[in-house]
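Participant: sequence first, then the predicted structure, then my questions.
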Amino acid sequence: MKIAVIGSNMVDLTSYITRMPVLGETLEAPDFSMGCGGKGANQAVAAAKYGADVLMMTKVGDDVFADNTIANFKKAGIDTKYVQKVQGVSSGVAPIFVDKSGQNSILIIKGANKYLLPADIDAAADDLKKCQLIILQLEISLETVYYAIEFGKKHGISVLLNPAPATKELNIEQVCQCDFFMPNETELAILTGMPVSTLDEVEAAAQTLIDRGLKNVIVTLGGHGSLWLSKEGKHMVNPFKVNAVDTSGAGDAYIGCFSCCYVQTGDILSSMKTASAFAALSVTKRGTQKSYPEKEDVLKLLKG
């Protein structure tokens with residue numbers, strides 16, 4: 001059961017800080033690390049790590065980061081046939097700032113990711129048609145996202161959209177063909193313009209998306225679990241309690257693991273619970289992809 005990830009890759013430049021400097025101030029930060037990231041790449045690696053057969057479609061630059069990114073995909077067992085270099089352009093980078101509580105703030109520079117175009121989907125059509133699920137995010141152009149959704153509908157392929165980073169430019173009516181729409185609570189607030197400070201508010205905001213035609217909305221709530229709404233009703237999956245060190249990439253961990261489980265079982269609730277365990281373990285270590293757990297550790301957590 002193959003999964004196609006059509007999306008971004010980034011180089012994560014992570015600074016561990018005591019606090020953010022104010023304007024004009026220079027502070028010493030206690031630590032720094034560099035690793036492979038980007039929402040698309042993270043989700044691909046998470047899915048592959050949990051056992052999925054993954055095809056990655058993305059663009060890298062012609063800089064020092066590109067070959068390392070491609071090698072990292074191959075190390076994870078991901079098909080890199082459609083990971084292509086763009087000449088004269090930088091790879092995408094993501095400066096990340098992680099505070100003492102493990103919470104993060106992130107900037108993204110799309111770089112070569114902006115050059116992933118609808119024509120690339122057409123060029124890969126024969127291989128994409130063999131996939132059971134297409135995963136998308138918003139670190140590539142909206143034109144490409146919309147085109148990929150249409151491609152999925154046309155060829156009977158399920159589509160999961162992670163609307164991140166959220167933008168009010170996203171046309172909800174155009175993404176209603178997705179089978180799964182997976183924002184976190186911050187993204188949900190941006191997309192709906194509604195408050196999300198309580199679970200009731202989250203549910204109300206998510207319900208407006210269902211009312212507009214989306215099939216399944218799954219809101220990831222970090223340490224509060226995840227909420228699934230559809231026209232048939234609602235379901236809450238409780239979180240696994242862990243000591244968070246770094247929450248970077250946790251949402252991507254959830255989505256990648258969920259996707260792997262869903263294509264294998266077709267069971268949404270079970271896939272959500274497994275994804276919650278996978279994401280919980282990911283925040284107990286520093287980094288994004290390098291924090292993702294082994295399958296046997298996830299199964300141990302699930303067994304209690």
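Facilitator: Thanks, I have the structure now. Residues are numbered from 1 along each chain as shown.

Participant: ok, the least confident helix or strand in the chain by mean pLDDT: who's next to it in the sheet?
Facilitator: Using mean pLDDT, DSSP states H and E, strand 104-106 stands out as the lowest-scoring helix or strand of the chain, at a mean of 87. Using DSSP bridges, the strands paired with strand 104-106 are strand 93-98 (antiparallel).

Participant: list of residues touching the partner strand?
Facilitator: 10-17, 20, 37-38, 65, 104-109, 111, 246-248, 286 (CB atoms under 8 Å, 6 or more residues apart in numbering). Backbone N, C-alpha and C define where each C-beta goes, glycine included.

Participant: give the buried residues for it.
Facilitator: 93-94, 96-98 (16 or more other CB atoms under 10 Å).

Participant: and if you look at stretch 228-237?
Facilitator: Across stretch 228-237, burial judged by 16+ other CB under 10 Å covers 228-229, 237.

Participant: now render those residues as CSV, adding secondary structure and pLDDT.
Facilitator: As requested, the buried residues of stretch 228-237 are exported to CSV (DSSP: H, G, I helix; E, B strand; the rest coil; pLDDT from 0 to 100):
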residue, secondary structure, pLDDT
W228, strand, 98
L229, strand, 98
V237, strand, 98
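
Participant: which one of these sits closest to A206?
Facilitator: Nearest to A206 among the buried residues of stretch 228-237, counting by CB to CB, is L229 at 4.8 Å.

Participant: just grab the bridge partners of the closest one for me.
Facilitator: Beta-bridge pairing of L229 under DSSP bridges involves V217, K234.

Participant: is it true that it touches T208?
Facilitator: No. Using CB atoms under 8 Å, L229 makes no contact with T208, being 10.1 Å away.

Participant: re the thing from before, so what touches the least confident helix or strand of the chain?
Facilitator: 20, 94-98, 246-248.

Participant: where do the strands sit along the stretch 51-200 of the chain?
Facilitator: 53-60, 79-85, 93-98, 104-106, 133-136, 158-161, 180-181 (DSSP state E, counting those that start in this stretch).

Participant: distance-wise, check M10 relative to G249.
Facilitator: Distance of M10 to G249, given as CB to CB, to the nearest Å: 10 Å.

Participant: mutual contacts of those two, please.
Facilitator: Between them, M10 and G249 share these contacting residues under CB under 8 Å, 6+ apart: G37.

Participant: pLDDT below threshold where in the stretch 101-250 of the chain?
Facilitator: Of all residues in the stretch 101-250 of the chain, none has pLDDT under 70.

Participant: quick check: end-to-end length of stretch 159-166?
Facilitator: This stretch, stretch 159-166, spans 18 Å end to end (CA to CA, to the nearest Å).

Participant: buried residues in that stretch?
Facilitator: For stretch 159-166, burial by neighbour count (16+ other CB under 10 Å) applies to 159-164, 166.

Participant: what do you get for stretch 62-78?
Facilitator: 63, 65-66, 69-70, 72-73, 76, 78.
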